[in-house]
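Trainee: I would like the atomic coordinates for the input below:
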Amino acid sequence: MSEGQVVIAIDAMGGENSPFKVLKGVEIFLQKEKNTKIIFFGDEFLINQNIKKYKLNIFNFEVVNTKDIIMDEDSVNTILRSKKNSSIYKALEYAKNNENSGFVSSGSTAAIMVLSRLHMGMIDGIDRPAICSLIPNKKNYSLMLDLGANVIVTGSNLFQFALMGFCYYSIINRNTKPKIGILNIGTENNKGLEFLQEAADLILSSFLKENFIGFIEPNKITSGDCDIIISDGYTGNIMLKSAEGISNFIISNLRDIFNKSFINKISYKLIEKDLKKLKDQVNPDIYNGATLIGLNGISVKSHGNANPVAFSYALKQCHNFITNDLNKKIIKSIKNI
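Mentor: Residues are numbered from 1 along each chain as shown. Alright, predicted model coming up:
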């Protein structure tokens with residue numbers, strides 16, 4: 001491995017259709033990031049068999065053979081005691097102990113959260129990690145966190161989420177003044193639970209006050225008026241899954257309508273270009289990869305049923321945060337409080 005080279009430790013066995021979808025995703029990713037070192041963790045025989053069978057053009061990689069398999073139903077105690085030779089455990093262990101490295105997996109969310117915190121620990125000054133991801137909006141995209149890591153939070157936790165979100169957004173978008181909002185049931189200053197009020201006060205007393213637009217209601221999430229949306233993990237996860245369900249409902253119904261008659265099919269042809277643009281804008285593949293932010297390392301969770309293209313975007317995200325030193329930015333921001 002050359003000095004300063006980015007290394008991504010990958011759980012090759014997690015999620016649906018693995019290891020093929022992982023390997024194919026890596027092939028797509030390496031077309032643009034040729035200098036990245038890839039280390040696969042998993043069943044060595046299956047990994048090499050898939051590379052050969054599908055004639056995948058993967059280079060600059062190693063395979064670390066692991067035997068244990070983490071199941072979705074495994075308890076935390078089982079994972080910690082009996083699955084130390086699993087692909088998730090070993091890949092995270094590697095990412096922690098090597099510079100310029102990160103971790104990507106489509107495996108069990110619970111296992112990734114527990115083992116990421118175990119191996120990587122927390123950044124000094126950050127109490128809890130948060131799951132964050134991009135969501136499409138009318139103008140481009142917004143960053144939302146937390147999406148499920150923390151069911152119960154304090155105002156201080158939300159303030160830290162805002163701080164980390166600000167650092168994340170500065171990497172993916174050079175806009176130096178992203179707008180920050182807290183998800184709430186109303187925009188009035190006196191609306192919402194006590195921890196939301198506390199979080200707003202903490203943001204207003206920090207250097208983030210110039211970026212803070214106050215509370216934002218769920219019906220404004222896709223307006224594009226807010227770049228960074230802060231929430232507790234329980235509310236954020238429900239919001240995300242509700243949005244996914246509504247999106248699937250609309251797309252499914254549109255498909256049925258346009259296939260209903262010959263006239264409808266002609267109508268589709270007339271607006272096909274605009275519909276394709278909309279489809280590309282809300283394409284979940286390009287938003288795949290939820291970062292577990294706040295850890296003393298880079299850990300990215302890909303959707304379990306992600307296809308190879310979507311998995312390549314999770315890899316791209318991991319690479320981006322390593323090269324732009326996300327955690328260094330967070331540490332610097334903490335010192336500015």
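
Trainee: May I ask which helix or strand of the protein has the lowest mean pLDDT?
Mentor: Least confident helix or strand of the chain, by mean pLDDT, DSSP states H and E, is helix 272-281 with a mean of 83.

Trainee: And the contacts of that one?
Mentor: Counting by C-beta atoms under 8 Å, 6 or more residues apart in numbering, the neighbours of helix 272-281 from elsewhere in the structure are 136, 254, 268. Placement of C-beta: from N, CA and C, glycine included.

Trainee: Among those residues, which one sits closest to K220?
Mentor: Checking those against K220 by C-beta to C-beta gives P136 as the nearest, at 14.1 Å.

Trainee: Excluding chain neighbours, give the residue nearest to that closest one in space.
Mentor: Spatial nearest neighbour of P136, chain neighbours left out: V282 (5.1 Å); criterion: C-beta to C-beta, 6 or more residues apart in numbering.

Trainee: Can you verify my assumption that that neighbour contacts N137?
Mentor: No - judged on C-beta atoms under 8 Å, V282 makes no contact with N137 at a distance of 10.0 Å.

Trainee: And the two? Which one has more around it.
Mentor: N137 (19 against 16; other C-beta atoms under 10 Å).

Trainee: contacting residues for that one?
Mentor: Taking C-beta under 8 Å, 6+ apart as the criterion, N137 is in contact with 221-224.

Trainee: picking that back up, of the contacts of helix 272-281, just the buried ones, ChimeraX syntax please.
Mentor: Selection of the buried residues among these in ChimeraX, burial being defined by 16 or more other C-beta atoms under 10 Å:
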select :136
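
Trainee: nearest to I293, of the contacts of helix 272-281?
Mentor: Proximity of these to I293, judged by C-beta to C-beta, is greatest for P136, which lies at 19.8 Å.

Trainee: Please name the bridge partners of that closest one.
Mentor: Partner residues in beta bridges with P136: Y141, with DSSP bridges as the criterion.

Trainee: if we can go back for a sec, neighbour-wise, which one of the contacts of N137 leads?
Mentor: That'd be I221 among those, by other C-beta under 10 Å, with 21 neighbours.

Trainee: Tell me the secondary structure at the closest residue to that one other than its chain neighbours.
Mentor: On the basis of C-beta to C-beta, 6+ apart, the spatially nearest residue to I221 that is not a chain neighbour turns out to be I229, at 6.3 Å. At I229, secondary structure determined by DSSP: H, G, I helix; E, B strand; the rest coil is strand.

Trainee: So I229 sits against P178, correct?
Mentor: No - in this structure, I229 is not within contact of P178 by C-beta under 8 Å, at 10.7 Å.

Trainee: More neighbours: which of these two?
Mentor: Set I229 next to P178 and count neighbours by other C-beta under 10 Å: I229 wins out with 26 against 19.

Trainee: ok, so what distance separates that one from S223?
Mentor: The span separating I229 from S223 equals 11 Å under the rule C-beta to C-beta, to the nearest Å.

Trainee: Next: F40.
Mentor: Shown here: F40 relative to S223, a distance of 41 Å by C-beta to C-beta.

Trainee: quick one: the helices in this structure?
Mentor: 20-30, 44-53, 76-82, 87-97, 109-120, 155-172, 194-204, 233-258, 262-270, 272-281, 308-323, 326-335 (DSSP state H).

Trainee: would JSON lines of the ones you listed with distance to N296 be doable?
Mentor: As requested, the helices of the chain are exported to JSON lines (distance: least, C-beta to C-beta, whole Å):
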{"stretch": "helix 20-30", "distance to N296": "25"}
{"stretch": "helix 44-53", "distance to N296": "29"}
{"stretch": "helix 76-82", "distance to N296": "19"}
{"stretch": "helix 87-97", "distance to N296": "8"}
{"stretch": "helix 109-120", "distance to N296": "5"}
{"stretch": "helix 155-172", "distance to N296": "13"}
{"stretch": "helix 194-204", "distance to N296": "23"}
{"stretch": "helix 233-258", "distance to N296": "20"}
{"stretch": "helix 262-270", "distance to N296": "51"}
{"stretch": "helix 272-281", "distance to N296": "35"}
{"stretch": "helix 308-323", "distance to N296": "13"}
{"stretch": "helix 326-335", "distance to N296": "7"}
